[in-house]
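>>> Provide a 3D model corresponding to the input given below.
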Amino acid sequence: MRRQPLPHHRIKAHARTTSWVCAALLGLSLHAHANDAICDNQSLATVLRSPSKPLPIGIQALWANGQQIFWPGQVHTEGSRWRLLISFSGQLQALPGEFATGADEALTLDALNTPAPDALRYAGSGLMLQAPTITASPSWQAKAQGSQTMLVREDALGRVQAVTVMQNALALDAVFSASAESATLGVTLNGRGPKASTFFALWAPTARQVQLCLYPDARSPSIQRLDLQPDVASGVWQVEHPGDARGRYYRYAVTVWVPGQGLVRQLVTDPYSVSLSANSLRSYIADLADPALAPPGWANTPAPQRVKHPVDMSIYELHVRDFSITDTSVPAAHRGKYLAFTHPQSRGMRHLRALAQAGLTDVHLLPVFDLATVPEAGCVTPKITGSGDSEQPQAAVMAAAANDCFNWGYDPLHFNAPEGSYATDADDGAKRILEFRRMVLGLHRAGLRVGMDVVYNHTSASGQHPQSVLDRIVPGYFQRLNLKGEVERSTCCDNTATEHRMMDKLMSDSVLLWAQHYRIDSFRFDLMGHQPRAAMVRMQQRVQQATGRRIDFIGEGWNFGEIKDSARFVQASQLSLNGIAQGY
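Numbers count the residues shown, from 1 in each chain. Below you'll find the model as predicted:
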């Protein structure tokens, strides 16, 4: 079905409300460009404007919705006033005992005698503040949340008594997600031939500008830069590129306010990438329904129908590289790769067929989405020397750790793209897709269903780290934060906030993609207890309805960390697994 842009009247309306951004503050062009310094910059982040001196880290206030803010630890005192200060250029100064300066806009808030909503009960006691109606406007939120903001308590003379910054995730959910949740994000290819077009969509409600960088291949300089236009209601930026861009590569240049950093232009890949170049440096444009990306027999080789009830599942957990890396019955070029599963007479595949005949139903692949750790070009295998009871083997492994070809893979970088180190050419975005499907086809022909070990509870990095994707597009939204604004790391990595509606959407869209386009039969959710039960229920119902077949969920339902005992939401933990998943 041909993808249509969001209504043009919405695009034009939002372009008018945000004209202050590009014209008054940035002075950036709104025209197409070719092979320029922005798209080919070696730096992934360029600071365009630094902020005033940052505040010391303390307890932060939290938006509860589009009009209310909860400030933990505060109480209403007679003679105090509460104000929300905004500076578009980052010049706010608000020191206790002094008058706040640098605000371009200031809103007076009313203290409410109401408790925090359930979503913020983990924050403890505090004060709920009511903002004017204007703050519920998407255009106002886009402008304010894309700027430097502070919340102050002042005395009767206007001197600052207390000051904090704010976490904005629930405001973004309240204002934008109702429209954004139905948007198709990523790349959509419309038709072929003279009338073909390629549609790009990115959710970035706090961005001041978003530009598309197009590349002819994985390594060459850019060939075009286009400006995306924002939709006021959803916060989705979009552009329709004339022509069929399949097989090309792209990145986004997102200009966004980063707390503590200032106004930053981020050169970043697409969170909805379906494939990438080596080391995930560029996103790849592909139509997953393209027959050219389907191996022979893909259309008429269904998955084995061997599981009617969860108890029927018999699961073998398998690492793609380990499966064949030392198997000399597999051609050398395919060892440790997806294509090792396409050799039915190899020792490994003969063994899997024997297990299937003995009752095995599912092969669960350890993470095969795009992961951060393994260099996809130029990785090395440690040469182990010394006796097993010496320190030499460990020393050899640690010396090569940063470039090791092996990793368990629990460090997701892009949730929707196959890992490139298992492909025969990591720079060829099409090969990842095709070879992954050939692996699935080989396992289905061996009588086995295929499961994926998926990791949506954390990302490999956050903030301004080069391997941070989500947080560099919408700072502070996709990661779960503590009351000081620090990313929670109870999973040993940077936790995601799947309770936020657009992170929930990303997880659900991702699982549906793997089930529809790669025919994955079951999913094992790493640390599933860090995700809301309601999100898991909606996702399983959606995926099974869309595919018309049984999709089994299993997962780790451990109850720990900042969400222990459903502190922030009802978890998909061992306490509440009935009806959605098998836990272990």
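>>> Give me the neighbour count for the residue nearest to residue 486 when sequence neighbours are not counted.
Spatially, and ignoring its direct neighbours in sequence, residue 486 is nearest to residue 57 (7.6 Å; CB to CB, 6 or more residues apart in numbering). All C-beta spots, glycine's among them, are computed from the backbone N, C-alpha and C. Per other CB atoms under 10 Å, the neighbour tally for residue 57 reads 11.
>>> mind checking which helix or strand residue 396 is in?
Using DSSP states H and E, the secondary-structure element containing residue 396 is helix 392-399.
>>> mean confidence score for that helix?
Looking at helix 392-399 alone, the average pLDDT works out to 87.
>>> what comes up buried for the helix or strand just after it?
Per DSSP H and E, the first helix or strand lying C-terminal to helix 392-399 is strand 412-418. For strand 412-418, the buried set under the neighbour-count rule, 16 or more other CB atoms under 10 Å, comprises 412, 413, 414, 415, 416, 417, 418.
>>> and strand 412-418, what does it pack onto?
strand 369-371, helix 429-445, strand 458-459, helix 501-517 (3 or more CB pairs under 8 Å, 6 or more residues apart in numbering; DSSP states H and E).
>>> and residue 238, that one's in a strand?
Yes. If the criterion is DSSP: H, G, I helix; E, B strand; the rest coil, then residue 238 is within a strand.
>>> So it versus residue 227, what's the distance?
Applying CB to CB, to the nearest Å, the value for residue 238 to residue 227 is 11 Å.
>>> same question, residue 526
With distances defined as CB to CB, the gap from residue 526 to residue 227 amounts to 38 Å.
>>> ditto for residue 362
In this structure, residue 362 and residue 227 are 46 Å apart, going by CB to CB.
>>> who's more crowded, these two?
The neighbour count for residue 362 versus residue 227, taken as other CB under 10 Å, is higher for residue 362 (25 against 19).
>>> Do I have it right that the more buried one meets residue 318?
No. Applying CB atoms under 8 Å as the test, residue 362 and residue 318 come out as separate, 10.1 Å apart.
>>> tell me the mean pLDDT for stretch 371-381?
The predicted model gives stretch 371-381 an average pLDDT of 93.
>>> ok so, going back, nearest to residue 382 among the buried residues of strand 412-418?
Compare each of the buried residues of strand 412-418 with residue 382 using CB to CB and the shortest gap goes to residue 413, at 22.8 Å.
>>> and that closest one, what does it touch?
Shown in contact with residue 413 (CB atoms under 8 Å, 6 or more residues apart in numbering): 280, 370, 371, 372, 459, 460, 467, 469.
>>> If we use 7 Å, what do you get?
By CB atoms under 7 Å, 6 or more residues apart in numbering, residue 413 lies in contact with 280, 370, 371, 372, 460, 467, 469.
>>> For residue 216, which non-adjacent residue is spatially closest?
Across the structure, with CB to CB, 6+ apart as the measure, the residue nearest residue 216 apart from its sequence neighbours is residue 223 (5.4 Å).
>>> wait, the one you found sits on residue 214?
Yes. Taking CB atoms under 7 Å as the contact criterion, residue 223 and residue 214 are neighbours in contact, 5.5 Å apart.
>>> Mind checking which of these two has more residues around it?
In this comparison of residue 223 against residue 214, neighbours counted by other CB under 10 Å, the higher total goes to residue 214 at 22 against 14.
>>> The more buried one pairs with what?
residue 224, residue 250 (DSSP bridges).
>>> circling back to that earlier point, possible to save the buried residues of strand 412-418 as a markdown table with pLDDT?
Listed next are those as a markdown table, based on pLDDT from 0 to 100:
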| residue | pLDDT |
| --- | --- |
| 412 | 97 |
| 413 | 98 |
| 414 | 98 |
| 415 | 98 |
| 416 | 98 |
| 417 | 98 |
| 418 | 98 |
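>>> Dump stretch 540-554 to CSV, restricted to CA.
Included here for stretch 540-554 are C-alpha records, laid out as CSV according to Å, rounded to 0.1, in the frame of the first residue of the first chain:
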residue,chain,number,x,y,z
GLN,A,540,1.4,-10.3,21.9
GLN,A,541,-2.2,-9.6,20.9
ARG,A,542,-1.1,-7.3,18.2
VAL,A,543,1.5,-9.6,16.7
GLN,A,544,-0.7,-12.7,16.7
GLN,A,545,-3.5,-10.8,15.1
ALA,A,546,-1.3,-9.2,12.4
THR,A,547,0.5,-12.5,11.6
GLY,A,548,-2.5,-14.8,12.0
ARG,A,549,-0.5,-17.4,13.8
ARG,A,550,0.7,-18.4,17.2
ILE,A,551,3.6,-16.4,18.5
ASP,A,552,5.0,-17.6,21.9
PHE,A,553,6.5,-15.3,24.5
ILE,A,554,8.8,-16.4,27.2
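>>> Could you list the buried residues of that stretch?
Neighbour-count burial for stretch 540-554 [16+ other CB under 10 Å]: 540, 542, 543, 551, 552, 553, 554.
>>> what does the average pLDDT come to for it?
Stretch 540-554 shows a mean pLDDT of 95 in the predicted model.
>>> just stretch 313-328 next, same as before
97.
>>> quick one: buried residues of that stretch?
Going by 16+ other CB under 10 Å, stretch 313-328 has these buried residues: 313, 315, 318, 319, 320, 321, 323, 324, 325, 327.
>>> Between the two ends of that stretch, what distance do you get?
One end of stretch 313-328 to the other measures 31 Å (CA to CA, to the nearest Å).
>>> same deal with stretch 105-124?
One end of stretch 105-124 sits 30 Å from the other (CA to CA).
>>> just stretch 372-384 next, same as before
Counting by CA to CA, you get 24 Å between the two ends of stretch 372-384.
>>> Just the residues contacting it, thanks.
Contacts for stretch 372-384 (CB under 7 Å, 6+ apart): 278-279, 393, 396-397, 400, 403-405, 407, 411, 413, 420-421, 426, 460-461, 467.
>>> ranges for the strands of the stretch 1-150 of the chain?
Ranges of strands within the stretch 1-150 of the chain are 45-49, 61-63, 68-72, 81-87, 105-112, 126-130, 148-154, based on DSSP state E, counting those that start in this stretch.
>>> Ramachandran coordinates for the spatially closest residue to residue 92 that is not a sequence neighbour?
The shortest distance from residue 92 to any residue that is not its chain neighbour, by CB to CB, 6+ apart, is 4.5 Å, and that residue is residue 102. The main-chain torsion angles of residue 102 are listed as degrees, to the nearest 10 and equal phi 90, psi 0.
>>> Make sure residue 102 is actually in contact with residue 90.
No. Distance between residue 102 and residue 90: 8.3 Å, which falls outside the contact criterion (CB under 7 Å).
>>> any shared contact partners between these two?
Shared contacts of residue 102 and residue 90 (CB under 7 Å, 6+ apart): residue 52.
>>> Got the confidence number for the residue lying farthest from the centre of the chain?
The centre of the chain is farthest from one residue, residue 157, which by CA atoms, centre = their mean lies 45.4 Å away. Looking at residue 157, its pLDDT is 95.
>>> measure it to residue 81 for me?
Separation of residue 157 from residue 81 (CB to CB): 10 Å.
>>> quick one: the helices in the stretch 451-584 of the chain?
In the stretch 451-584 of the chain, the segments counted as helices under DSSP state H, counting those that start in this stretch are 470-473, 501-517, 533-547.
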